[in-house]
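Q: Okay, predicted coordinates and the sequence, questions at the end:
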Amino acid sequence: MTRRTALITGASAGIGTSFARLLAAEGHDLLLVARRADRLTALADELHRRHGVRVETCAADLTDLGAPRAVTAFAAEQGMTVDVLVNNAGTSSSTAFADTSWTVLAGELQLMVTAVTELTHLVVPGMKERGWGRVVNLSSLAAFSPPAASLLYSGIKSYVLYVSQALDMELKPHGVHVTALCPGFTHTEFHQEMGVADAASKLPAFVWQEADDVVREGWAAVSAGKPVCVPGAVNKVLSHATRPVPYRLQYALGRRFNPLEA
């Protein structure tokens, strides 16, 4: 039986690396995408040696406008058909909106809105034609939270949450599942890169999760056809507490009153 192939962005650390290890252990071939080529190469060597799967790497900066198309072109050149897409790459500035350069803000939008949407748009037609596909889009618990001053992050992750549900409605009849994975505080390099590691370290231990636990729940959710996954008991409570209408009801109402579904 031909092995399926997973394309994972932001694969060089954190949740992306955990997805790579889980999917390799299940026998998937991999196309790993991130900026840090040295890390990708080391991870690819580890996974090929341990699991015997094919692992290709593509060093790319998804803040570049042409990167999504370049990544899928690279996959085609390697003869790799993308069956699983994990849109994991992300970042966030920690300065006020007015004090942040447009170059930085535009990069955030390109990375977490445009690239996510474009990569999905590029690979979904093939999934639909083959009658099978899985897409995991990294949203966040922040998508359920009240807006935070200055930061684009909550708005961006809300976009990912709602677009993932909309795509799942459209594609599930064709065998393609789309899930918004919405983790809370997770032990990765993310907070260090944002420059808020000291503040994050003061949070109580019970709000934190390990990346491997987040990934296991996310993969189980998309495999089961669940459009939204909030991993961890504490995060589930918080997401329901901050949303007056449960997401399952939102999903049902969205399907009921969508003119395209009529």
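A: Structure's in. What do you need?
Q: can you map out the strands along the stretch 1-150 of the chain?
A: For the stretch 1-150 of the chain, applying DSSP state E, counting those that start in this stretch gives strands covering 5-9, 29-34, 55-59, 82-87, 133-138.
Q: Dump the first one to CSV, restricted to CA.
A: Right, strand 5-9. Extracted in CSV, the C-alpha atoms of strand 5-9 (Å, rounded to 0.1, in the frame of the first residue of the first chain):
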residue,chain,number,x,y,z
THR,A,5,2.5,12.1,2.6
ALA,A,6,2.2,14.9,5.2
LEU,A,7,3.4,18.5,4.6
ILE,A,8,4.2,20.2,7.9
THR,A,9,5.1,23.9,8.2
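Q: Could you list the buried residues of it?
A: 5, 6, 7, 8, 9 (16 or more other C-beta atoms under 10 Å). The C-beta positions use only the backbone N, C-alpha and C, and glycine is treated the same way.
Q: And the third one, by the same measure?
A: Counting neighbours by 16+ other C-beta under 10 Å, one finds that the buried residues in strand 55-59 are 55, 56, 57, 58.
Q: For residue 49, see how far away the second one is.
A: Relative to residue 49, residue 56 is positioned 15 Å away (C-beta to C-beta, to the nearest Å).
Q: repeat for the first one
A: Distance, residue 55 to residue 49, using C-beta to C-beta: 10 Å.
Q: Next up, the contacts around residue 160.
A: 87, 112, 113, 116, 137, 138, 139, 140, 143, 180 (C-beta atoms under 8 Å, 6 or more residues apart in numbering).
Q: Per-residue pLDDT of it, please?
A: Per-residue pLDDT puts residue 160 at 97.
Q: Repeat that for residue 176.
A: With respect to pLDDT, residue 176 has a value of 98.
Q: So what pairs up with it in the strands?
A: Beta-bridge partners of residue 176, counted by DSSP bridges, are residue 133.
Q: In terms of distance to residue 226, which of the buried residues of strand 5-9 ranks first?
A: For the buried residues of strand 5-9, the closest approach to residue 226 (C-beta to C-beta) belongs to residue 6, at 18.4 Å.
Q: who does that closest one bridge with?
A: Here residue 6, judged by DSSP bridges, has bridge partners residue 30, residue 84.
Q: so who does it touch?
A: Residue 6 neighbours (C-beta under 8 Å, 6+ apart): 19, 20, 23, 28, 29, 30, 31, 82, 83, 84, 85, 86.
Q: how about those in TSV, adding distance to residue 132, neighbour count and pLDDT?
A: Putting the contacts of residue 6 into TSV (distance: C-beta to C-beta, whole Å; neighbours: other C-beta atoms under 10 Å; pLDDT from 0 to 100) gives the following:
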residue	distance to residue 132	neighbour count	pLDDT
19	18	31	98
20	20	28	98
23	15	24	98
28	13	22	98
29	15	23	98
30	17	29	98
31	17	26	98
82	11	22	98
83	7	21	98
84	10	25	98
85	12	27	98
86	16	29	98
